[in-house]
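In: my questions concern the predicted model and sequence given below.
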Amino acid sequence: MNLSNYLLDQEGHDWSDILSDWDWLLPSEFTVWMVNRFGDVIFVSADRAVHLLDIGAALVKQLAVSREEFIAKVDVDDNADNWLLISLTDKCVASGLKLDRGQCYSFKLTPVFGGEYIVENIHVIDFEVNFSLLAQIHRQIRDLPDGTQVNFVLDT
């Protein structure tokens, strides 16, 4: 498996700016290590622990206490598939959803609103727009109880 087939190219992007809308969820100090093709960020915190920012679910989960432990754990069970969304990425590619530089896969209906992890619910989007949009949505709904009805009004 070639890991780069499941990651976004990070070079030339200002990640502190791109992730600025996520400041309410992220630690004050961290280093972006990898970004999967759905925009989920694997980062290293100041204490050297490796975490996953799942931008679809708006949660941060510690994956390992160090990069070395991450490397040892990534091939265990379904970790690689869960962390990098390998199977879903493969299905997107097979269905013809191709990414250009600066794009990622995103859910038409985000999982937090009941969207499914299926190709029919996925589209290609500018990843900076996706990061900002999802962060703003999640920031606004973060304190709502599960099951709360949410209505969106789009300004055109």
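Out: Structure's in. What do you need?
In: output the worst-scoring helix or strand of the chain on mean pLDDT as PDB, nothing but the C-alphas.
Out: Comparing helices and strands within the chain by mean pLDDT, DSSP states H and E singles out helix 127-141 as the least confident, with a mean of 82. Output for helix 127-141, consisting of C-alpha atoms alone and laid out as PDB, is shown next (Å, rounded to 0.1, in the frame of the first residue of the first chain):
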ATOM      1  CA  PHE A 127     -10.400  21.600   1.000                       C
ATOM      2  CA  GLU A 128      -9.900  25.100   2.500                       C
ATOM      3  CA  VAL A 129     -13.600  25.800   2.000                       C
ATOM      4  CA  ASN A 130     -14.400  22.400   3.500                       C
ATOM      5  CA  PHE A 131     -12.300  23.000   6.600                       C
ATOM      6  CA  SER A 132     -13.900  26.400   7.200                       C
ATOM      7  CA  LEU A 133     -17.400  25.400   6.400                       C
ATOM      8  CA  LEU A 134     -17.400  22.300   8.600                       C
ATOM      9  CA  ALA A 135     -15.700  24.100  11.500                       C
ATOM     10  CA  GLN A 136     -18.300  26.800  11.400                       C
ATOM     11  CA  ILE A 137     -21.200  24.300  11.400                       C
ATOM     12  CA  HIS A 138     -19.700  22.300  14.200                       C
ATOM     13  CA  ARG A 139     -19.000  25.300  16.300                       C
ATOM     14  CA  GLN A 140     -22.600  26.400  16.100                       C
ATOM     15  CA  ILE A 141     -24.100  23.000  17.000                       C
END
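In: quick one: contacts for the residue most central in space within the chain?
Out: Among the residues of the chain, the smallest C-alpha distance to the mean C-alpha position (CA atoms, centre = their mean) belongs to residue 40, namely 1.8 Å. Listed by CB atoms under 8 Å, 6 or more residues apart in numbering, the contact partners of residue 40 are 52, 53, 54, 55, 56, 83, 85. For every residue, glycine as well, the C-beta is placed using N, CA and C.
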